[in-house]
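Student: pasting a predicted model and its sequence here:
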Amino acid sequence: MQEIIEALNQLEKEKGIPKDFIMEAIEKSLNSACEKDFGKDIECSVQMDRETGEIKVFARKIVVEEVYDSRTEMSLEDARKIDPNYEIDDEVPVEITTRDFGRRAAQKARGIIVQAIKEGERDAVYSHFVQKEKDIITGVVQRYVTNGLSVSLDERTDTILTDKEMIPTEYYRRGDRIKLYVVEVKKNQKGFRIVVSRTHPDLVKRLFEREVTEIADGVVEIKSISREAGSRSKIAVWSNDENVDAVGSCVGLNGARVNAIVDDLGGEKIDIIEWNPDPAIFIEHALSPSKVVSVTIGPDGKSALVIVPDYQLSLAIGKEGQNARLAAKLTGFKIDIKSETQAADMDMDAYYDELLAKSDLREEYYDEYYEDGEYSEEEGEYSEEDAEYAEEAAEDTADDTAEETAEDSEAAEDVAEGSGDSE
């Protein structure tokens, strides 16, 4: 029986299947074999020694005066040959050896063991990848399939990187190694499914945690991320140690750290900005690289009016509104960007009255964010609720801003070019 123990130890080492799991399957298979050979009326118990591997199978028989069914009954005379103290109606455990089983019963037992090994192997793989959930794994590209890309995660496990989770600008070849974010590992009828992504914002977060030791150590904290996969990401960071530069730590010497992450993302641009508890300052940083003249937080505490120089309007909005859109997602605020010329022509009272009318705010709610005309920093700090709010509304706001100011932006660019020529 020592060979069985050695085989189970090897199986546990190579496939990660617990030895006890297989032993329980063997006991179950022998119980099934008993049922096959002797019928369901016979009560059997199987014991497998966890140290030596020795297997003992017992069938329980009732002591009777006259035996009608030798499979379930035993005479008092035969019972007392085993133990003189047995009496009528006592139960006697009779050991059955595996060679007593028929061929069909043995085949069924073998099938149960094989199935248990497969299930054990699948559960071991599932447990391994469940631990990788919300983290990064590396896969090897196999081939393009109907709904995406087939990726091998290890010798036993493949998954599909679906079209919507692929970065649109990337093209993969067979054998390419790519980093994937494990969104979810969930069981199904066929076993389990590993949902992976290359577009998830947390892929950027995990890459920074791996690359930047200060983030891994908790000295630098990632406050929020906004991303348009394949194009640009913005990441807001904050240092819990005044002696550590949060942005500099993420950039690295000569940009080594951020460049490594950019390479992993196929050249996606990354803006690293410093988070600030003051929303106005945070929004100003978020609109980088554009210069900002002023930021005024709206009376609803969820919107902001940003004034930029005329020649910076196009840069602040970004191509197709991308910079404004990413800044809105990053900060959790609806951002309305105006040039200095536009702001000079605005009726600010009417502008804020319109905001109040749209949001249907009460005067008490207004006072919650303002005291004597000053912004309350404590109430206005960025939170997860703000981010959820911005996720739903920021894109529409940024797009509206881009449309409204497109003509002014073009005019501003013409003015800037003309100024450059005159110099």
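Tutor: The structure has been received and is ready for your questions.
Student: quick check, pLDDT for Lys56.
Tutor: Here, the pLDDT recorded for Lys56 equals 78.
Student: any idea which helix or strand comes after the host helix or strand of it?
Tutor: Counting by DSSP states H and E, the element that carries Lys56 is strand 55-64. Next in sequence after strand 55-64, counting helices and strands by DSSP H and E, comes strand 73-75.
Student: which helices and strands does the helix or strand following that next one pack with?
Tutor: Sequence-wise, the next helix or strand downstream of strand 73-75 (DSSP H and E) is helix 76-82. Here helix 76-82 touches strand 55-64, going by 3 or more CB pairs under 8 Å, 6 or more residues apart in numbering; DSSP states H and E. Any C-beta I mention is one placed from the backbone N, CA and C, and that applies to glycine too.
Student: ok, now which ones touch Asn259?
Tutor: Gly252 (CB atoms under 8 Å, 6 or more residues apart in numbering).
Student: just Ile136 next, same as before
Tutor: With CB under 8 Å, 6+ apart, Ile136 has these contacts: 179-182, 203, 206-207, 210.
Student: now, which of the residues you listed sits nearest Glu91?
Tutor: Among those, Val182 lies closest to Glu91 (CB to CB), at 53.3 Å.
Student: pretty sure that closest one sits against Lys134.
Tutor: Yes: at 6.6 Å, Val182 counts as touching Lys134 under the criterion of CB atoms under 8 Å.
Student: more crowded one of these two?
Tutor: Using other CB atoms under 10 Å as the criterion, Val182 and Lys134 rank with Val182 on top: 24 against 13.
Student: gap between the more buried one and Glu170?
Tutor: Distance, Val182 to Glu170, by CB to CB, to the nearest Å: 18 Å.
Student: same check on Met346?
Tutor: Here Met346 is placed at a distance of 43 Å from Glu170 (CB to CB).
Student: what about the two, which has more around it?
Tutor: Taking neighbours as other CB under 10 Å, Met346 and Glu170 compare with Glu170 leading, 16 against 12.
Student: ok, the nearest residue to the more buried one once chain neighbours are set aside - how many residues close by?
Tutor: Of all residues not flanking Glu170 in the chain, Gly266 sits nearest, at 4.6 Å (CB to CB, 6 or more residues apart in numbering). Number of residues near Gly266 (other CB under 10 Å) recorded here: 15.
Student: now do the contacts for Gly266.
Tutor: Contacts of Gly266 by CB under 8 Å, 6+ apart are 167, 169-170, 230.
Student: tell me how far it lies from Arg325.
Tutor: 21 Å.
Student: hang on, the earlier thing: so how do I select the buried members of the contacts of Gly266 in PyMOL?
Tutor: With 16 or more other CB atoms under 10 Å as the criterion, this PyMOL line picks the buried residues out of those:
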select buried, resi 167+170+230
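Student: now, which of the contacts of Gly266 sits nearest Val247?
Tutor: Nearest member of these to Val247, counting by CB to CB, is Gly230, at 23.4 Å.
Student: the closest one and Glu165 touch, don't they?
Tutor: No: between Gly230 and Glu165 there is no contact under CB under 8 Å: 11.8 Å.
Student: anything in contact with each of those two?
Tutor: In contact with both Gly230 and Glu165: Thr199, using CB under 8 Å, 6+ apart.
Student: so where do the strands sit in the stretch 151-300 of the chain?
Tutor: Taking DSSP state E, counting those that start in this stretch as the test, the strands found in the stretch 151-300 of the chain are 158-162, 177-188, 191-197, 220-228, 232-239, 269-274, 294-297.
Student: quick one: low-confidence residue ranges for the chain.
Tutor: 1-5, 7, 14-16, 33, 36-42, 53, 97-110, 112-113, 355-423 (pLDDT under 70).
Student: quick one: contacts for Val295?
Tutor: By CB under 8 Å, 6+ apart, the contact list for Val295 reads 279-281, 283-284, 304-307.
Student: just give me the closest of those to Glu242.
Tutor: Ile281 (16.6 Å).
Student: so what's the residue count around that closest one?
Tutor: 14.
Student: how near is it to Met348?
Tutor: 21 Å.
Student: same thing with Val306?
Tutor: Taken as CB to CB, the span from Val306 to Met348 is 14 Å.
Student: ok, now Glu43?
Tutor: Distance, Glu43 to Met348, by CB to CB: 88 Å.
Student: show me which of these two is the more surrounded one.
Tutor: Neighbour count, other CB under 10 Å: between Glu43 and Met348, Glu43 has more, with 17 against 10.
Student: related to what we said a few turns ago, what lies in contact with the strand holding Lys56?
Tutor: 1, 26, 30, 34, 38, 42-49, 71-76, 79, 86-98.
Student: buried subset of these?
Tutor: Buried among those by 16+ other CB under 10 Å: 26, 30, 34, 38, 42-44, 46, 48, 72-76, 79, 86, 92, 96.
Student: now do the strands in the stretch 1-150 of the chain.
Tutor: Along the stretch 1-150 of the chain, counting by DSSP E, counting those that start in this stretch, strands occupy 44-48, 55-64, 73-75, 91-96, 136-145, 148-152.
Student: what's the closest non-adjacent residue to Ser290?
Tutor: Ala316 (3.7 Å).
Student: now do the contacts for Phe208.
Tutor: 215, 222, 235, 250, 261.
Student: as CSV, these with neighbour count would be great.
Tutor: Formatted as CSV, these follow (neighbours: other CB atoms under 10 Å):
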residue, neighbour count
Ile215, 20
Ile222, 20
Ile235, 24
Cys250, 22
Ile261, 22
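Student: could I get those as CSV with distance to Arg60?
Tutor: As requested, these are exported to CSV (distance: CB to CB, whole Å):
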residue, distance to Arg60
Ile215, 64
Ile222, 64
Ile235, 68
Cys250, 70
Ile261, 67
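Student: of those residues, which pair is most distant in space?
Tutor: Maximum distance among the contacts of Phe208 (CB to CB): 12.4 Å, for Ile222 and Ile261.
Student: what's the burial count for Gln115?
Tutor: 12.
Student: so what's it up against?
Tutor: Ala25.
Student: mind checking how far it is from Gln142?
Tutor: For Gln115, the distance to Gln142 - CB to CB - is 28 Å.
Student: what of Gly266?
Tutor: From Gly266 to Gln142 the distance is 19 Å (CB to CB).
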